[in-house]
Every structure is written in structure tokens, then in C-alpha cells.
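> What would the 3D arrangement of this be:
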Amino acid sequence: MRAFTSEWVKLSRRATLLGFGGIMIAFTLLFTILALEGAGGRSIDLDGSGSETSATTALLSLPEGSVFVVTDMAAFFGIVALALFASNLAGEFHRGTIRMLFVTEPNRLAVLAGKLLALSSFVAAAIAATLATSIGAGVLMADRAGVETAAWWTADGLTAIGTTYLDLTAAAFIPALIGATIAVLTRSTTIAISVGLGWFILAETLLGAFWGGLSRWGPAAASNAIAVGGTDRVGMMGAAAPGISHATAILLALGYSVAALIITSTVLSRRDVTS
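Residues are numbered from 1 along each chain as shown. Next comes the predicted model:
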């Protein structure tokens, strides 16, 4: 697909690789180093709810210990993915290059599909590289931190790594696709990123204080629940606002993603492009 390959030419530029993929790896590496350096004395907020779990050496030595730290970065991955999708799509309108794309490929939905697939593959590859970097740093620092890594390479440990990768990637796609929708609606990079980040970082939490259902069923809540394997399992939402299961979070994610795709494709295919 020409739209897919042409998009990857842009994504392969140094500015994009370092600005989006590089920052994901750098911050996760820093977080991993800090967590292992302070193992046993540091607390980690797994889902941004304010409930913390100590990163003890015993916990990090479990089969899922290799991904314990990187799981806490799920919200950050979503923010980077949202910024990437929003800046890419809104930028096409801002620079006027969207018209050139539609002249080259009159099928607007094909252009959208190619762009979203390329962006999604970039995010998936970046998360894979980030996960590998975090685990690699953990292996190098394990002896110094007193962490046993033998369990990481058992069947349960490898399953945890694979499951975590899929969960983190799926969780990042929710804000990413919503960011793409806002970008197509507003045609402004600044507005799309500001509104998207405002919702996922602050607005949903604040509104959830008045409407408990939003803090449980909203897109940010669903993204978080996928990343941590279900908030009902880890029990971090409290008795007044119980969490949701991993399966429920996936269904919510599918619903939000499909709705975002429908809105984006409908607006892009029917709205006139005048600049």
C-alpha cells in the first residue's frame, strides 16, 4: 500500500525516531534504573490512582518482575502515541499536504488506512524496543540490586513479557486513535494535542470525582485497565468505584476505537479540503 510505505518514509526521519520513539525508550530506561537502584525502598504508582506498590527485590524477582517497571509507563506511552497520531494528521492539514495525498490517491479511506497502519506499527515497534531496553537494563543491574532474574525466563516469565507487550500496545492505541479523531475534526495540531492530553491527564480524573462512572468506564480508565491486566484484579480503584476486568476493558477499548475510526473516516471522506 503506497500510503503505508510513504508514511513510513516520514516516520523514519531522525526527528520522529528520536522525538517519539527515542523519548519513550529514554524515559523508561531512566525509570527502570531508578526503580532498581531503590528496590526495597521505593514505591511505584502502577495506574496513576495514587495507590503505590513497593518495588521490592522479592517482587522484582517474580516471573512478572521483568515487566513490573515498564507497566507503570503505560500512561506515558499513551500520551506519546496520542501526540504522534494527532501531530501527523493535523500536520497534513496545516501544511496543506493532505490535498497532494488525495490527488495521488483519490480514495481517502485508503490514505487514512495507510497512515493509521503505519503510525500503529511505529508505536508497536517503539513499545517493543522500550520493553526490550527495560528488561535489558534490569538484567544488567539485577546483581547490584539483589534481584534474581532466573524466573524471568521461565514459561510464566516469558508469558508475562508477551502479555505485557500486547497490553501496553493495546492501551496506547486508545488515546492514539482518539487523538487522530480530534486532529481530523479540528485540523489543528495544537488543539488536538492539548484537548487530547487534557482529557487523558486531567479532565477524566476531575470529572470522575463528580461522576463515578466516568472514572471507571472512560477511555483513560479503560486504557489503564488494559495495561495493568484489569483494575479489579489489582484492586486499586477502591470500594466506592470498583475497577473493571481485563476482558471488560478490552471490550471498552474496542468500542472507543471503533467509534473513533468511524468518526475519523466519515469526516475525512465527506469534509471538503480547501487548503
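
> what are the ranges of the helices in the stretch 51-200 of the chain?
57-60, 68-71, 74-95, 97-104, 108-145, 155-186, 189-198 (DSSP state H, counting those that start in this stretch).

> out of those, nearest to residue 209?
For residue 209, the closest of the helices of the stretch 51-200 of the chain is helix 189-198, at 15.7 Å, according to CB to CB. The C-beta positions use only the backbone N, C-alpha and C, and glycine is treated the same way.

> mind showing which ranges of the stretch 101-250 of the chain have poor pLDDT?
Applying pLDDT under 70 to the stretch 101-250 of the chain flags residues 212, 233-242.

> The same query, at a cut-off of 80, please.
Along the stretch 101-250 of the chain, the parts satisfying pLDDT under 80 run over 208-215, 232-243.

> Just list the residues touching the nearest residue to residue 82 once chain neighbours are set aside, thanks.
Closest residue to residue 82 apart from its sequence neighbours, by CB to CB, 6 or more residues apart in numbering: residue 179 at 3.7 Å. Residues near residue 179 by CB atoms under 8 Å, 6 or more residues apart in numbering: 81, 82, 83, 85, 86, 192, 193, 196.

> is it true that the fourth one touches residue 181?
Translated: residue 85. No. Judged on CB atoms under 8 Å, residue 85 makes no contact with residue 181 at a distance of 9.1 Å.

> out of those two, which sits in the busier spot?
residue 85 (31 against 25; other CB atoms under 10 Å).

> And that one, how far from residue 182?
Distance, residue 85 to residue 182, by CB to CB, to the nearest Å: 9 Å.

> now residue 214
18 Å.

> for residue 110, same thing?
Counting by CB to CB, the gap from residue 110 to residue 182 is 22 Å.

> With neighbour numbers in mind, choose between the two.
Using other CB under 10 Å as the criterion, residue 110 and residue 182 rank with residue 182 on top: 26 against 14.

> Okay, the nearest residue to residue 178 once chain neighbours are set aside and residue 82: tell me how far apart.
Nearest non-adjacent residue to residue 178, counting by CB to CB, 6+ apart: residue 260, 5.2 Å away. From residue 260 over to residue 82 the distance is 11 Å, taken as CB to CB.

> cool, residue 57 as well?
Where residue 82 is concerned, residue 57 sits at a distance of 35 Å (CB to CB).

> contacting residues for the closest residue to residue 197 other than its chain neighbours?
In space, and not counting its chain neighbours, residue 197 is closest to residue 79: 6.1 Å by CB to CB, 6+ apart. For residue 79, the contact set (CB under 8 Å, 6+ apart) comprises 175, 197, 200, 201.

> Kindly report the same for residue 73.
Taking CB under 8 Å, 6+ apart, one finds 24, 27, 28, 31, 130, 168 in contact with residue 73.
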